[in-house]
Each structure stands twice: as structure tokens, then as C-alpha cells.
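**Q** Build me a structure from this.
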Amino acid sequence: MHEIEITVKGLSYSQGKSGAYALILAEKEGQGRKLPVVIGGAEAQSIAVAMEKSVAPPRPMTHDTWHNMLNEMKVTVTKVVIHRLVNGVFFASIYSLTEGGVEMTFDSRPSDAVALAVRIPCPIFATNDILEQAGINDQEEKSADIDDSMMTDSDESLTQDSPSLEDLENDLNEAVENEDYERAAQLRDKIDKLT
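**A** Now for the predicted structure:
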């Protein structure tokens, strides 16, 4: 089973599925294929918070707790692999190593595996078979209208009536304090576009 390293390219809100997001994973090198994986809102928030280093939630999220527990038990996560696709559902595994050198593998949803991997950090892989089956290239992405069908509020063009950068940063801090991570992710994206 040939594994290809991938990275988190981004998250997009799905207009088609209520409360669903598309996690876009992309090859680090090679053919430039992207792997869109539909995930839930909680997992999308967890991934977004972990990737945004300046946003620290007031309480640990579930994946933070997993990370802390693994550290305390001296278990190292060595990699996560998305390795199977059945009826449109992806399957992943988390590979780990104990302090005593025992290798362990755990079945996982890709969203949970990626949320953990971006915290650790550890490499993320997909098998070549998965990328062949479900991966898309840039040309296919444009023809599939991924950007249009999964556009978030942050993807809308900024107008002159848009709030200032300072206002957006204040709103972002308030959203994090209120644990509204979906809104925080949208505000973060708007700030990124301005800067």
C-alpha cells in the first residue's frame, strides 16, 4: 500500500449539506491532487482552531484532551493514514508508538485523525489508491464547482462597507471566548483576506 503525504489545504462550508464541511487535503508533492472529505461542524471547528495558532479556546476541545492524554501516557502518534473508501465514506488509521516501543494502530474517522495530527503535529498520508479513486486535480476542481458549492461567508468579496481589521479581530476574540468556533473560523478567514 503506497502512501502519499498530504496536507490540510483548507475547510469550506457545504451549502448542499446542512452543518457539513469539506476538508480539503492536498498532496505535498507529486501530481497536485486534492482529496475533499465531507466532515461535521464540530470536527471542522476543531481542525480550524488547531491550525489557527493565535486562537486559544478557553477550555480544551476533545482533540486537545486526546493529545494531552497521549502525552501523559508517553504515546507518540507517528502518522495518520486515510486508507479506505466504501460507498463514499473514508476510513483512516492512527499509528502510534508507546514509550516501550510497542506499535499500535487505531481505526478512526479521517476528521478525528486529521484534528489530532494538526495538533501534534505528525504527517498525514493517503494511499495512492484513495487519491486515484477520490482525488481531483485543479482542472477537475474547477469543473466540479467546489468553490461555488462550498463557499463560506469568508469567501464573499469584501466591500467598502466591510468592518475594519480591528473590528474583525475584536469579533474573533469574542467568538473564541463564547466558544463559537464556527464564527471564529469565518472571522479568521476574513482577517486573512484583509491581511
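**Q** secondary structure element for the residue positioned nearest the centre of the chain?
**A** Nearest to the mean C-alpha position of the chain, counting by CA atoms, centre = their mean, stands Ile47 at 4.5 Å. Using DSSP states H and E, Ile47 sits within helix 41-51.
**Q** mean confidence score for that helix?
**A** Regarding helix 41-51, the rounded mean pLDDT is 90.
**Q** Give me the distance from the helix or strand following that helix to the chain's centre.
**A** Per DSSP H and E, the first helix or strand lying C-terminal to helix 41-51 is helix 62-72. Centre-to-centre, helix 62-72 and its host chain are 17 Å apart (CA atoms, centre = their mean, to the nearest Å).
**Q** Show me what helix 62-72 is packed against.
**A** helix 41-51, helix 110-119 (3 or more CB pairs under 8 Å, 6 or more residues apart in numbering; DSSP states H and E). In short, each C-beta sits where N, CA and C put it, glycine included.
**Q** Let's see the longest one as PDB, backbone CA atoms only.
**A** Spelled out, it's helix 41-51. Taking C-alpha atoms only, helix 41-51 is exported to PDB below (Å, rounded to 0.1, in the frame of the first residue of the first chain):
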ATOM      1  CA  GLY A  41     -19.100  21.000  12.000                       C
ATOM      2  CA  ALA A  42     -17.500  20.100  15.400                       C
ATOM      3  CA  GLU A  43     -14.600  18.400  13.700                       C
ATOM      4  CA  ALA A  44     -14.200  21.300  11.300                       C
ATOM      5  CA  GLN A  45     -14.100  23.700  14.200                       C
ATOM      6  CA  SER A  46     -11.500  21.600  16.000                       C
ATOM      7  CA  ILE A  47      -9.200  21.500  12.900                       C
ATOM      8  CA  ALA A  48      -9.600  25.200  12.300                       C
ATOM      9  CA  VAL A  49      -8.800  26.100  15.900                       C
ATOM     10  CA  ALA A  50      -5.700  23.900  15.900                       C
ATOM     11  CA  MET A  51      -4.500  25.400  12.700                       C
END
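**Q** mind listing what Phe91 touches?
**A** Applying CB atoms under 8 Å, 6 or more residues apart in numbering to Phe91 gives the contacts 82-85, 107, 109-110.
**Q** make it 7 Å
**A** With contact set as CB atoms under 7 Å, 6 or more residues apart in numbering, Phe91 has these partners: 83-84, 107.
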